[in-house]
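Provided below for reference: sequence and predicted model.
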Amino acid sequence: MELIADFFQRFKAPLLVFAGAVVPQLAVFYALRASPLGKTALQDPLMFFVLWAVVVGFSVLTAYFYYRLYAKNPIACLYFASVSVFVFTVTYVFHGIAMLMISHDPSPRNGMLFDIAEHYGLFLSALLFVGMVLPFRAERSFLYQHRKRIYLGVAVLLGAAIALVYASESVVRVLYGATDAVVVMTGLVLIAAGLFLAYDYSRSRNLLNLYLIFGLTVMAGSCYLPFYYAEWDLLWWYLHLVFPVGYTAIFIGMISYERGDLALRLFFGKVPFYKKIGTKLALTIFFAGLVPLLTIVGLMSVSAPNVLGHLFFGEPVSYAVFIEDVGSFQLLIFRFALVIALLFVLSAFFSFYFAGRLVLPLKMLSEAADKIARGGEVIRVDIGTGDEIEVLAESFNKMSTDLKRLHVGMEQEIAAKTAELSKKVAETDALVASRTVELGQERARLIASIDSIPFGFLIANNDGRVLLENRILSDLFQLDDKKVNTVWDIGDRFGKKFDLRARVEECMKGRKVCEIKEILFGSKFLRGIIAPIITGDDSSGTIGYVILFEDITEAKVQERSRDEFFAVASHELRTPLTAIRGNTAMLQDMYKDQAVDADVKGMLDDIHEASVRLIAIVNDFLDVARLEQGETSMKKTKFDIAEPIEETLRDMKNPAEQKGLTLRFNKPDKVLEVTGDKDRLRQILTNLVGNAVKFSPKGVITVEVELEPKQQVVKISVRDPGMGISPERQALLFHKFQQAGEQVLARDVTQGTGLGLYISKLLIERMGGTIGLAKSAQGEGSTFYFTLPIAS
Amino acid sequence: MAKIFMAEDDPLMIRMYERAFKTSGFELELAFDGEEASNKLAKADLLPTAIILDVMMPKKNGFDVLKEVKQSEKLKQIPVVMLTNLAGAADAKKAMDLGAAMYLVKSEHNPKEILEKIKEVLANAGKGGATSTSPTPTT
């Protein structure tokens, strides 16, 4: 059972084809046998030549296509098909020639030649068909290389054979004697070929084989010949029907063959349209071929009404009557119908031809375009019409190729990007894992850091919830560790003295760090800093804020004691000095009559001067201390720079003139307004002019003012004609306790504390100016300068 | 004779200024601390022509006394001179803001000069004005 199932599976298609060929054939055969046609010898010369021409044309084309097909695709069976059809064509041409000879001279010899050409041609052709299925594929290169010579050889042999037959009377007789046997043999050979093909198909599933099987099986109908030889008219009809049908099947098979599109391209241009309409074409040719047959049957049913009855109901018919009754009118209509049928076949053929050349290329292009649009599939359209459509198709193909390249490029790029992305994802995963660990460490580090800083520290979100606080902060405000604290809870601890909430809102609104210098919290003083946490470059968003509280109680206490010290120092030091100074002054003033002794007078004067100088020293020390600690406040006003200069020079005039010095002020033409503390400025001028007086034996001390527009400052210079300052001492100027021009250990104690320039420097810097030595050379005097910002 | 009211705690100073004022023809009434100054001024039948206040005094400092004087309907017209050894500019400013007529640093002036300044203040008070001399420490 399995064997049968397997056999059926393997030979299902050939068996079906065989059945499809045999069953209609038998039906046609027995229909013919039953019909008057099968018993009618219709040997009209015109009809013969029309059919003859169709068969010759058909077979020439078939031979040619198979040959060209083989040239493109060297499979031996194609070559054998071509040679086979070629042999048939040549013999069939000879068959036609014989018919002409009969018309001219209806001798028995011509009749013999007529039959020999037909029967032996078919036989040779069938033999060669067998060659198609023989395993010649291994030798195909030899076959292919000599394909033209072999063809030529076949033609020469055939020509020689025909010549021999024509020339030799005995050969004619021998051959003629076997004509009918040859037809039977042809059928057997074709059956054998069909079996080979079926077997071949079971292995290779070659669609061409199925068509060949069909065609050969149909032609193999000639095997019936011995059985129905007595009914010669029937056989004539039958044989002349089966061979064209068989050839048609083979031809259709050829054009439907997977490589058959080449044959079509050669004829129709490079349009494998049969893929779409091959079936329709085959059916059309088939039905077109049936038309003459049906016409004849129809005509006969008109002339002999009982023909159809005989066909279907087996009524007896007089054949002799038919032939005789066929009048010239019927014959004319018959011929006319035949021509119409041929025209029909031709028009069907040409409509497909033009469709192939014009409509189909466009259809193919549009379908191909659709395909490309749908799937990015690569489509090539081969159109060999040789006209604008081909140009269009070539452009289309170029576009398709470009698209393909692009597509491939894109796919590669996508693949590369995908790979890159997966790599990135993997890397990111690894990174995330390591970052998570790092983050944990980072957090631990952060908490340790904020716990170690000596301030109360907290981070709050925008709603005021405390996200993170350090120990110092929780201790300071006695926060409950067990609950979530808010900034407002902390704010409440301050009571009414400080509104934390208001300050936080203010800072968040302004998006800047705020400092609250002093908050009284219980017995403590705190300094607060509120810093919004700004995200993004545009500072558009804040995610919360940081608050720092520094306990400044200690610093505050120190500051207070420092203030105390200044007050006490200035008061307690000055008061006794004031008493000395005041009392000696009164002695000098009110009791000068009683102090007549020059020594007593001198001592009083010295005491007074010492007290004054001591007061000055105390003042300097306190000044320096205050300036260094930033305790001194400046009363900044706008004023004309000339005013303090003139005032100072007026005050200094007496001491200068006592030394024989002249003070000169080169007053500028216009008023130069500056910003600064006028009293402090006078102090600086007094210091500089005082120094100039102190260190100049004689000459002119000049004060100059210039505007420096670039720096927006006024520059005041004090130039003296004194002893000058050596370079090594210049570096020590403006430092504490340094008086240039004097040895450190050989100080001239009468010249003051040496704090003057240092105080001047501190003061001018507080006013936003600079002070320096412009130039100095020993023996040539010195020039000091300072600058002050121009009043805006 | 014009009467000058002086609050001063340091005997050295008191003696020195007494000597100076004696020769000038001013009658000097003294208080030795801030509280005494406040009480005496509050009870005084005969108002002084000028009040001189030290700043650093026991019990009550000079600024507080100055405040009381300026808040008292009876006393506020009397010119007040602050005479102290506090040389800070901030102290001088504070005194002037509280309504002192003058701020003098003791160590900067001989007693004779102090007398000149008082006379100046009295002259200005007569005109209804007030002068201030800021301390100008010199090197």
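Okay, I see it.

C-alpha from now on. contacts and neighbour counts both.
Fine.

and chain A, what are its domains?
A:43-268, A:453-551, A:566-628, A:637-789 (automatic domain parsing).

okay, these in a markdown table with mean neighbour count and mean pLDDT next?
Shown next, in a markdown table, are the domains of chain A (neighbours: other CA atoms under 10 Å in any protein chain shown; pLDDT from 0 to 100):
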| stretch | mean neighbour count | mean pLDDT |
| --- | --- | --- |
| domain A:43-268 | 19 | 74 |
| domain A:453-551 | 16 | 81 |
| domain A:566-628 | 18 | 82 |
| domain A:637-789 | 18 | 81 |
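
what's the closest of the ones you listed to residue B:117?
domain A:566-628 (15.0 Å; CA to CA).

From one end of that closest one to the other, what's the distance?
This stretch, domain A:566-628, spans 13 Å end to end (CA to CA, to the nearest Å).

any bit of that domain sitting next to chain B?
Yes: contact of domain A:566-628 with chain B (CA under 8 Å from any CA of the partner chain) involves A:567, A:570-571, A:574-579, A:581-583, A:585-586, A:615-617, A:619-620.

What residues does chain B have near chain A?
Counting by CA under 8 Å from any CA, chain B sits next to chain A at B:12-13, B:16, B:20, B:84-87, B:89-90, B:106-112, B:136-139.

about what we covered before: of all the domains of chain A, which one is nearest residue A:372?
Smallest distance to residue A:372 across the domains of chain A (CA to CA): 22.6 Å, for domain A:43-268.

roughly how far out does the closest one sit from the chain middle?
Relative to its chain's centre, domain A:43-268 lies at 63 Å (CA atoms, centre = their mean, to the nearest Å).

how much distance is there from the lengthiest helix in chain B to the middle of the chain?
The residue-count maximum for a helix in chain B (DSSP state H) belongs to helix B:111-127. Centroid separation for helix B:111-127 versus its chain: 11 Å, with CA atoms, centre = their mean.

avg pLDDT for that helix?
The pLDDT scores in helix B:111-127 average 82.

helices and strands around that helix, which ones?
In terms of contacts (3 or more CA pairs under 8 Å, 6 or more residues apart in numbering or on different chains; DSSP states H and E), helix B:111-127 is packed against helix A:574-590, helix B:11-24.

how about a markdown table for those helices, with distance to residue A:699 added?
Formatted as a markdown table, those follow (distance: least, CA to CA, whole Å):
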| stretch | distance to residue A:699 |
| --- | --- |
| helix A:574-590 | 33 |
| helix B:11-24 | 42 |
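
Which stretch among these approaches residue A:370 most closely?
Within the helices and strands packed on helix B:111-127, the stretch nearest residue A:370 is helix A:574-590; the backing value is 109.8 Å (CA to CA).

Mind giving me the packing neighbours of that closest one?
Against helix A:574-590 (3+ CA pairs under 8 Å, 6+ apart) you get helix A:598-628, helix B:11-24, helix B:111-127.

what ranges do the strands span in chain B?
B:3-7, B:27-31, B:50-53, B:80-84, B:102-105 (DSSP state E).

what's the spacing between the last one and its chain's center?
Per CA atoms, centre = their mean, the displacement of strand B:102-105 from the mean C-alpha position of its chain is 8 Å.

What of the fourth one?
With CA atoms, centre = their mean as the basis, the distance from the averaged C-alpha position of strand B:80-84 to the chain average is 3 Å.

so what strands line up beside it?
strand B:50-53 (parallel), strand B:102-105 (parallel) (DSSP bridges).

which residues touch the spatially most central residue of chain B?
Geometric centre of chain B, nearest residue: residue B:52, 1.7 Å, by CA atoms, centre = their mean. Going by CA atoms under 8 Å, 6 or more residues apart in numbering or on different chains, residue B:52 touches B:4-7, B:80-83.

Same check on residue B:56?
B:62, B:84.

ok so, going back, among the contacts of residue B:52, find me the one that's closest to chain A.
Nearest to chain A among those: residue B:83, at 11.3 Å, using CA to the nearest CA.

Bridged to the closest one, which residues?
Bridge pairing for residue B:83 (DSSP bridges) gives the partners residue B:104.

and it, how many residues sit next to it?
22 (other CA atoms under 10 Å in any protein chain shown).

Against residue A:553, how distant is it?
For residue B:83 relative to residue A:553 (CA to CA), the value is 34 Å.

Of the residues of chain B next to chain A, which qualify as buried by neighbour count?
Buried subset of those (neighbour count, 16 or more other CA atoms under 10 Å in any protein chain shown): B:12-13, B:16, B:20, B:84-87, B:89, B:106-112, B:136-139.

hang on, the earlier thing: would you reformat the strands paired with strand B:80-84 as a markdown table and include mean pLDDT?
Converted to a markdown table, the strands paired with strand B:80-84 look like this (pLDDT from 0 to 100):
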| stretch | mean pLDDT |
| --- | --- |
| strand B:50-53 | 90 |
| strand B:102-105 | 87 |
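
For residue A:92, find the nearest of these.
strand B:102-105 (152.2 Å).

Which positions within that closest one qualify as buried?
Quick answer for strand B:102-105 (16+ other CA under 10 Å): B:102-105.

Identify the residues contacting the residue nearest to residue A:473 when sequence neighbours are not counted.
Nearest non-adjacent residue to residue A:473, counting by CA to CA, 6 or more residues apart in numbering or on different chains: residue A:456, 3.9 Å away. Counting by CA under 8 Å, 6+ apart, residue A:456 makes contact with A:469-474, A:476, A:547-550.

can you rerun that using 6 Å?
A:472-473, A:548-549 (CA atoms under 6 Å, 6 or more residues apart in numbering or on different chains).

what's the closest of those residues to chain B?
For the contacts of residue A:456, the nearest to chain B is residue A:549 (29.7 Å; CA to the nearest CA).

from what I can see, that closest one looks like it's in a strand, true?
Yes: under DSSP: H, G, I helix; E, B strand; the rest coil, residue A:549 sits within a strand.

I figured it hits residue A:528, correct?
Yes: using CA atoms under 6 Å, residue A:549 is in contact with residue A:528, at 4.6 Å.

quick revisit: of the contacts of residue B:52 - the most surrounded one?
Among those, residue B:80 has the most neighbours (other CA under 10 Å), with 29 neighbours.

what about residue A:428, how many residues close to it?
13.

can you list the residues of chain A near chain B?
A:571, A:578, A:582, A:616 (CA under 6 Å from any CA of the partner chain).

now residue A:553, nearest residue through space, not along the chain?
Using CA to CA, 6+ apart, the nearest residue to residue A:553 is residue A:525, at 4.6 Å.

which residues sit in contact with that neighbour?
Contacts of residue A:525 by CA under 6 Å, 6+ apart are A:519, A:552-553.

Which of the three states applies to it?
strand.

What's opposite it in the beta bridge?
Applying DSSP bridges, one finds that residue A:525 bridges with residue A:520.

what do you get for the one 4 residues further on?
Going by DSSP bridges, residue A:529 is paired in beta bridges with residue A:515, residue A:548.

Let me know the distance separating it from chain B.
From residue A:529 across to chain B, the span is 28 Å (CA to the nearest CA, to the nearest Å).

surely that residue meets residue A:548?
Yes: at 5.0 Å, residue A:529 counts as touching residue A:548 under the criterion of CA under 6 Å.

Tell me which residues touch residue B:111, please.
residue A:582.

repeat that with 8 Å
Per CA under 8 Å, 6+ apart, neighbours of residue B:111: A:582, A:585-586, B:16-17, B:20.

can you tell me which two in those residues are farthest apart?
Pairwise across these, and taking CA to CA, the largest span is found between A:585 and B:17, at 12.2 Å.
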